[in-house]
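Chemist: got a sequence here, can you build the structure:
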Amino acid sequence: MKPSKVYYEPEVLEYRLGKELQDKYKDLPWIPIENHNNIEELRTKENTEFQKLKTLLILGTRKTHKYSPNYKVSDYLVPFTSSGCTAMCLYCYLVCNYNKCSYLRVFVNREQMMERLIRFSMKTETEQVFEIGSNSDLILENTITGNLPWIVEEFIKKGRGKLTFPTKFNMIEPLLGLNHQERVIFRMSVNPQYIISNIEIGTASLNNRIEAVNKMAAAGYPVGLLIAPVILLPDWQKMYLELLDVLEEKLSPKVKDTMFLEIIFMTYSFIHRSINHEAFPEAAELYDKELMRGRGMGKYSYKQDLREEGEAFLLKEIDKRFGKDKILYFS
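Modeler: Residues are numbered from 1 along each chain as shown. Below you'll find the predicted structure:
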C-alpha cells in the first residue's frame with residue numbers, strides 16, 4: 001500500500017521512524033495536524049468518501065499506554081504501534097469505535113512503547129502473553145514501517161513471556177528467518193472466499209492466508225486460526241463447510257497438529273450500516289432484523305437460538321476434521 005497523503009503531528013519528525021517515513025514518502029503531500037485523534041477535516045467527510053479515507057496515512061505518537069486484561073489467547077491487550085487499517089472489512093469494529101477515523105494511524109514512538117512492555121513483562125509474577133495487534137493488522141503495517149522484525153527481536157532479547165497478533169494478510173516473509181524462540185504466536189483469520197472477496201475487501205485471499213500460516217508454522221512459530229467473524233449469510237452452512245474442507249485439504253500437517261481455533265461471531269452496528277450503504281452501495285447487506293437483536297450502544301448480534309445453531313454446526317464439523325479439542329473458545 002502506498003498512501004495518497006500523509007497527515008502528521010510535527011513532533012513525529014523528532015523520532016527515528018518519523019524521519020524514515022518522511023524520506024520514504026517524500027513525494028507525497030504532507031499535511032500537519034494538531035492531534036491524530038481529532039482531524040476535523042477528515043471527521044466531517046461524507047460516508048461516500050470512506051474508501052478515499054482508507055488511502056491516507058496518519059502519523060502521530062501514542063499517548064495511551066493502558067494494558068487491558070484479556071482472557072483468551074493473551075493475558076493483556078497492549079496498545080501498540082498502529083491503529084486502523086487500509087482494508088475495508090464491512091464489519092470492522094474499529095469503524096464502530098472511530099466511525100470514519102478507521103484509516104491507518106502509525107505511532108512513531110515505538111521505542112517508548114517497547115520499553116514499557118519490556119518493563120511490564122519483567123514485573124509479572126508469571127510469564128504472560130501480550131496481544132499487540134488488537135487495534136490494527138501488524139502484517140499490513142509492517143509493509144509501511146518495517147516494525148515487526150524489530151519488535152520481535154527487541155522483545156525476545158529483553159522481554160519475558162510471549163507476543164501474539166492476528167492478521168488477514170500474507171506478507172510474512174520478513175518474519176520467517178527471525179530467532180523468535182517460539183515466543184511469538186501467529187494467528188491467521190480465515191473465512192469463506194466469498195466473504196473475503198465481498199466483505200473483507202482489500203485483504204489476502206483464503207489460499208494466500210493458508211500458505212502464509214503454513215510457512216509460519218514451518219518456521220517454528222506457534223500458530224492459530226481465527227474463524228472470524230462468522231457471518232450467517234444465506235447458505236452460511238454451505239460456505240463454512242467449504243471453508244473447513246479447504247482448510248482440511250490445504251493446511252500443512254504441522255499446522256493441523258499444533259494449531260488452536262478461535263471462533264468469533266459477527267457483531268454489527270448502525271454505524272456500519274450507515275457507512276456501508278453509502279460507501280459500498282453494491283455490497284451484501286449484513287444486517288437482518290429477523291436474525292439479529294440489539295445489544296446496546298447501537299450494536300447488533302445474532303439471536304441466541306441462531307447463535308447456538310451456528311456453534312453446534314461448527315463444533316460438529318470441526319470435530320470431524322480436526323478434533324473439537326482444537327477449539328479454544330466461541331465468542
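
Chemist: from now on I want contacts and neighbour counts done on CA atoms only, so please keep to that.
Modeler: OK.

Chemist: low-scoring stretches of the stretch 101-250 of the chain, by residue?
Modeler: Within the stretch 101-250 of the chain, the stretches with pLDDT under 70 are 101.

Chemist: in stretch 163-171, what's buried?
Modeler: 163-171 (16 or more other C-alpha atoms under 10 Å).

Chemist: same thing with stretch 67-79?
Modeler: For stretch 67-79, burial by neighbour count (16+ other C-alpha under 10 Å) applies to 67, 73-79.

Chemist: possible to save these as JSON lines with pLDDT and distance to Ala217?
Modeler: Shown next, in JSON lines, are the buried residues of stretch 67-79 (pLDDT from 0 to 100; distance: C-alpha to C-alpha, whole Å):
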{"residue": "Tyr67", "pLDDT": "97", "distance to Ala217": "28"}
{"residue": "Val73", "pLDDT": "97", "distance to Ala217": "17"}
{"residue": "Ser74", "pLDDT": "98", "distance to Ala217": "19"}
{"residue": "Asp75", "pLDDT": "98", "distance to Ala217": "22"}
{"residue": "Tyr76", "pLDDT": "98", "distance to Ala217": "24"}
{"residue": "Leu77", "pLDDT": "97", "distance to Ala217": "23"}
{"residue": "Val78", "pLDDT": "98", "distance to Ala217": "24"}
{"residue": "Pro79", "pLDDT": "95", "distance to Ala217": "26"}
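
Chemist: and of those residues, the nearest to Val6?
Modeler: Closest to Val6 out of those is Pro79 (21.8 Å), distances taken as C-alpha to C-alpha.

Chemist: just checking, that closest one touches Thr64?
Modeler: Yes - the criterion here is C-alpha atoms under 8 Å, and Pro79 meets it with Thr64 at 7.2 Å.

Chemist: show the backbone phi and psi for the spatially most central residue of the chain.
Modeler: With distances taken as C-alpha atoms, centre = their mean, Asp137 lies nearest the centre of the chain, 4.1 Å away. Torsion angles at Asp137 (phi, psi; degrees, to the nearest 10) stand at phi -110, psi 110.

Chemist: assign Leu163 to helix, strand or coil.
Modeler: Look at Leu163: counting by DSSP: H, G, I helix; E, B strand; the rest coil, its state is strand.

Chemist: give the other helices and strands that the lengthiest helix in the chain contacts.
Modeler: If you go by DSSP state H, the chain has its longest helix at helix 304-321. Judged by 3 or more C-alpha pairs under 8 Å, 6 or more residues apart in numbering; DSSP states H and E, helix 304-321 is in contact with helix 236-250.

Chemist: buried residues in the helix it packs on, which are they?
Modeler: Applying 16+ other C-alpha under 10 Å to helix 236-250 flags 239-241, 243-244, 247 as buried.

Chemist: using CSV, please lay out these together with distance to Arg295.
Modeler: Output for the buried residues of helix 236-250, formatted as CSV (distance: C-alpha to C-alpha, whole Å):
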residue, distance to Arg295
Met239, 26
Tyr240, 25
Leu241, 29
Leu243, 29
Leu244, 30
Leu247, 32
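
Chemist: from the buried residues of stretch 163-171, which is closest to Ser269?
Modeler: Nearest to Ser269, judged by C-alpha to C-alpha, of these is Lys168 at 21.5 Å.

Chemist: the residue lying closest to the closest one once chain neighbours are set aside pairs with what?
Modeler: Leaving aside its sequence neighbours, Lys168 sits nearest to Ser189 (C-alpha to C-alpha, 6 or more residues apart in numbering; 5.5 Å). Ser189 has these beta-bridge partners by DSSP bridges: Leu226.

Chemist: contacts only, for Ser189.
Modeler: Shown in contact with Ser189 (C-alpha atoms under 8 Å, 6 or more residues apart in numbering): 166-168, 209, 225-228.

Chemist: redo that, cut-off 6 Å
Modeler: Residues near Ser189 by C-alpha atoms under 6 Å, 6 or more residues apart in numbering: 167-168, 225-227.

Chemist: same question, Ile58
Modeler: Shown in contact with Ile58 (C-alpha under 6 Å, 6+ apart): 6-8, 105.

Chemist: partner residues bridging it?
Modeler: Counting by DSSP bridges, Ile58 is bridged to Tyr7, Arg105.

Chemist: distance of it from Leu163?
Modeler: For Ile58, the distance to Leu163 (C-alpha to C-alpha, to the nearest Å) stands at 25 Å.

Chemist: re earlier: columns distance to Lys157 on top of the buried residues of stretch 163-171, output as TSV?
Modeler: Supplementary listing: the buried residues of stretch 163-171 in TSV, determined by distance: C-alpha to C-alpha, whole Å:
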residue	distance to Lys157
Leu163	13
Thr164	16
Phe165	19
Pro166	22
Thr167	24
Lys168	27
Phe169	26
Asn170	26
Met171	24
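
Chemist: thinking again about what came up before, now do the next helix or strand after the longest helix of the chain, average pLDDT.
Modeler: Proceeding N to C from helix 304-321, the next assigned helix or strand is strand 327-330, under DSSP states H and E. If you average the pLDDT over strand 327-330, you get 98.
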